[in-house]
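Student: Fold the following for me, if possible:
(one chain, ligands or ions: 1)
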Amino acid sequence: MRDRLLAAEKIKAIDWRDGALFLLDQRVLPKVQTWLRYDSAAAVAEAIRTMVVRGAPAIGIAAGYGVALAARERLAAGGQWRAGVAADIALLAAARPTAVNLFWALNRMRERLERLADDAGVIAALDAEAQLIHESDREANLTMAQLGVDLIRKRQGHPQVLLTHCNAGALATGGFGTALGVIRGAWLEGLVEQVYADETRPWLQGSRLTAWELAEDGIPVTVNADSAAAHIMRTKGVTWVIVGADRIAANGDVANKIGTYGLAVNAMHHDVRFMVVAPSSTLDMSLENGEDIVLEARDGAELVGEGAPVAAFNPVFDVTPADLIDVIVTEKGVVERPNAAKMSALMCRKRLH
Ligand code: MRU
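Tutor: Next up is the predicted model:
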């Protein structure tokens, strides 16, 4: 299946060429496809903050390249350049709080830099490390797709009706997606009849990004209002809800796009299986459970418009408790009915590829 999955890779959102970062502007997709060029860490931090690039793995990858750009800039300026890179890493870390992939990638880049005693090799080594982060995320997508497809195949009755939330596809990762990677793989195997894509208020990652990605692949996709999901589960024969994650705590609690928690509650009520697909870079074993995950709340204007005469509360992530999750799929393997012991055993495993 791996070759067929690779052949199905079409869309990408992150490119690194000639020492510069290029990002497909996700704020305006799918109407307009604009690539923006980035030459500085500060500009990459702003791109993450303003959602030019979004989705947990993609944010981490962009931040990795941001550190590579920081080294270029700071070395050229001379003086205490390592302190300058540290300041840029802090700036990148402040861009968004929830997706742990951001901090994971920054730590990897920082540790790589600390191992480099000789200034001469710094730029090449950091470029290579950022590219490795990017490439290994792509590989992880492929492994997770195969594992997720096996789970769908095991469930009775094919082809199946799937529901997804937000965008966990090529636009959100270094490959062809986590949740959408599984859905793409299942489609290639003839296991999918229909995909419902929650619209995902207020940024519309579902109706703009997921619907576009799946339609480009010829996968039957129907967009629905977020509030229609329970009704769809009851009336349309949904067998699986499949979502990505921004941070998974040591006990298997999952932070993901606002509305994911409600989906999990509804899925349990309707006997719909709930699958979370995320690379191990999304696991935060330092947090015992989801309560300590910092959940981003964005400007209320994103919800009700500038100058609206009402207050708006706009949390953009929520936490789904582990006991509502049927399975977490990572590139290290799958964890059914997650709990702390199973998650810690998973972390001890090597990647499966
Ligand atoms: O606010 P966003 O668009 O960055 O939120 C994205 C999500 O919640 C995704 O589901 C998650 O990052 C997984 S992407 C593979």
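Student: Dihedrals phi and psi, Leu287?
Tutor: Taking degrees, to the nearest 10, you get phi -110, psi 120 for the backbone angles of Leu287.
Student: no, scratch that, I was asking about Ala249
Tutor: phi -80, psi 170.
Student: give the contact list for it.
Tutor: Residues in contact with Ala249, defined by CB atoms under 8 Å, 6 or more residues apart in numbering, are 255, 284, 287-290, 292-293. Any C-beta I mention is one placed from the backbone N, CA and C, and that applies to glycine too.
Student: okay, now Phe22: neighbour count?
Tutor: The number of residues packed near Phe22 is 16, by other CB atoms under 10 Å.
Student: Look at the residue nearest to it when sequence neighbours are not counted and report its pLDDT.
Tutor: In this structure, Phe22 finds its nearest non-sequential neighbour in Asp15, 4.2 Å apart by CB to CB, 6 or more residues apart in numbering. On the pLDDT scale, Asp15 is placed at 98.
Student: so when I look at Asp15, I'm seeing a strand, right?
Tutor: Yes - assessed with DSSP: H, G, I helix; E, B strand; the rest coil, Asp15 lies in a strand.
Student: Name only those of the contacts of Ala249 that count as buried.
Tutor: 255, 284, 287, 290, 293 (16 or more other CB atoms under 10 Å).
Student: mind giving me the domain split of this structure?
Tutor: Per the record, the chain has its domains at 2-135, 146-347, by automatic domain parsing.
Student: From start to finish, how long is the longest one in a straight line?
Tutor: The one in question is domain 146-347. The straight-line separation of the ends of domain 146-347 (CA to CA, to the nearest Å) is 19 Å.
Student: Please compute how far that domain lies from its chain's middle.
Tutor: Relative to its chain's centre, domain 146-347 lies at 10 Å (CA atoms, centre = their mean, to the nearest Å).
Student: Just the contacts of Ala249: which are in strands?
Tutor: In strands, judged by DSSP state E, the following of the contacts of Ala249 are found: 255, 284.
Student: Please name the two of the contacts of Ala249 that end up farthest apart in the structure.
Tutor: Ala255 and Glu288 (13.8 Å; CB to CB).
Student: Check the offset of stretch 120-140 from the chain's centre.
Tutor: Counting by CA atoms, centre = their mean, stretch 120-140 comes out at 19 Å from the chain centroid.
Student: in this protein, what secondary structure element scores lowest on mean pLDDT?
Tutor: Here the helix or strand of the chain ranked lowest by mean pLDDT, DSSP states H and E is helix 2-7, holding a mean of 86.
Student: what's in contact with it?
Tutor: 142, 145-146, 176, 181, 184-185, 188.
Student: in what helix or strand does Val223 lie?
Tutor: Here Val223, judged by DSSP states H and E, is contained in strand 221-224.
Student: which is the next helix or strand following that strand?
Tutor: helix 229-235.
Student: Can you point out the buried residues in that following helix?
Tutor: 229, 232-233.
Student: could you point out which element follows it?
Tutor: Taking DSSP H and E, what comes next after helix 229-235 is strand 238-243.
Student: and Ser40, what does it touch?
Tutor: Applying CB under 8 Å, 6+ apart, we find Ser40 in contact with 69-70, 73.
Student: Using a markdown table, lay out the residues you listed together with distance to Ala47 and pLDDT.
Tutor: Compiled in a markdown table, the contacts of Ser40 are given as follows (distance: CB to CB, whole Å; pLDDT from 0 to 100):
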| residue | distance to Ala47 | pLDDT |
| --- | --- | --- |
| Leu69 | 11 | 98 |
| Ala70 | 14 | 98 |
| Glu73 | 16 | 96 |
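Student: nearest to the ligand, of the residues you listed?
Tutor: Nearest to the ligand among the contacts of Ser40: Leu69, at 20.9 Å, using CB to the nearest ligand atom.
Student: So the closest one versus Val85, what's the distance?
Tutor: Noted for Leu69: a distance of 10 Å to Val85, by CB to CB, to the nearest Å.
Student: Give me the more crowded residue out of the two.
Tutor: Neighbours per residue (other CB under 10 Å) separate Leu69 from Val85, with Leu69 holding more: 27 against 24.
Student: Can you name the residues that contact the closest residue to the ligand within the stretch 201-350 of the chain?
Tutor: In the stretch 201-350 of the chain, the residue that lies nearest the ligand is Gly244 (2.7 Å; CB to the nearest ligand atom). Residues in contact with Gly244 (CB under 8 Å, 6+ apart) are 55-56, 166, 168, 172, 177-179, 256, 276-278.
Student: can you check Glu199 too?
Tutor: 206-207, 223-226.
Student: and with 10 Å instead?
Tutor: With contacts defined as CB atoms under 10 Å, 6 or more residues apart in numbering, Glu199 is in contact with 165-166, 205-208, 210-211, 223-229, 259.
Student: How about the backbone phi and psi for it?
Tutor: phi -60, psi -40.
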